[in-house]
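> For reference, the sequence and a predicted model appear below.
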Amino acid sequence: MHLLTRRFSFSSSHRLQSIAMDANGNTCAYGLCENIHGHNYRLEVTVSGAVDPATGFFCNVMDLSAIVRETVVDPCDHRYLNDLPMFQGVVTTMENLASRIWQVIEEPLSARGMRLVEVLVGETDEHWVRLRRPPAADGL
């Protein structure tokens, strides 16, 4: 199986705060991250597909890049993530960012013949979240 990964970056601010917890609970859970702060996020999107014998590849990397830039990078870059419709109703943790990004890009990628396999979101060089599709029975 062939996989293609494209790396992106964007700078955004956010605040970790859950409406399911009181002020003390938020402080205990999120510490300093309860305050508005920013990150230079790294995003990696991995796709798979059937290789076209005519072109030699299963996707046009420029299509992959355009989809992710238009749906995620451009709307998020230099923005306060908590205010974006994409992240409404969730705490803007890396886990929730990865899940929402997956939801936003999966359909447009599929329409271009790409099967979304993995979304990796990093806030820092030390903290990453990886959301991965379970392997399919067909190996794709």
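Arrived safely. These figures come from a predicted structure and were not determined experimentally.
> Can you report how many residues neighbour residue 116?
Residues near residue 116, counting by other C-beta atoms under 10 Å, number 20. All C-beta atoms are positioned from the backbone trio N, CA, C, and that covers glycine.
> I meant to write residue 53 there.
6.
> Kindly report the same for residue 1.
Residues near residue 1, counting by other C-beta under 10 Å: 14.
> From residue 103, how far off is it?
23 Å (C-beta to C-beta, to the nearest Å).
> try residue 134
17 Å.
> before we move on, what about residue 27?
30 Å.
> what's the answer for residue 114, then?
Taking C-beta to C-beta, one finds residue 114 at 15 Å from residue 103.
> quick one: which of the two has more around it?
Using other C-beta under 10 Å as the criterion, residue 114 and residue 103 rank with residue 114 on top: 23 against 11.
> can you pull the contacts of the more buried one?
Contact analysis of residue 114 by C-beta atoms under 8 Å, 6 or more residues apart in numbering lists 47-49, 58-59, 63-64.
> who wins for neighbours among these?
Going by other C-beta under 10 Å, residue 47 tops those with 27 neighbours.
> Quick check: chain neighbours aside, which residue is closest to it?
residue 114 (3.9 Å; C-beta to C-beta, 6 or more residues apart in numbering).
> ok, now residue 34?
Per C-beta to C-beta, 6+ apart, closest to residue 34 is residue 26, 5.2 Å.
> Perfect, that will be all.
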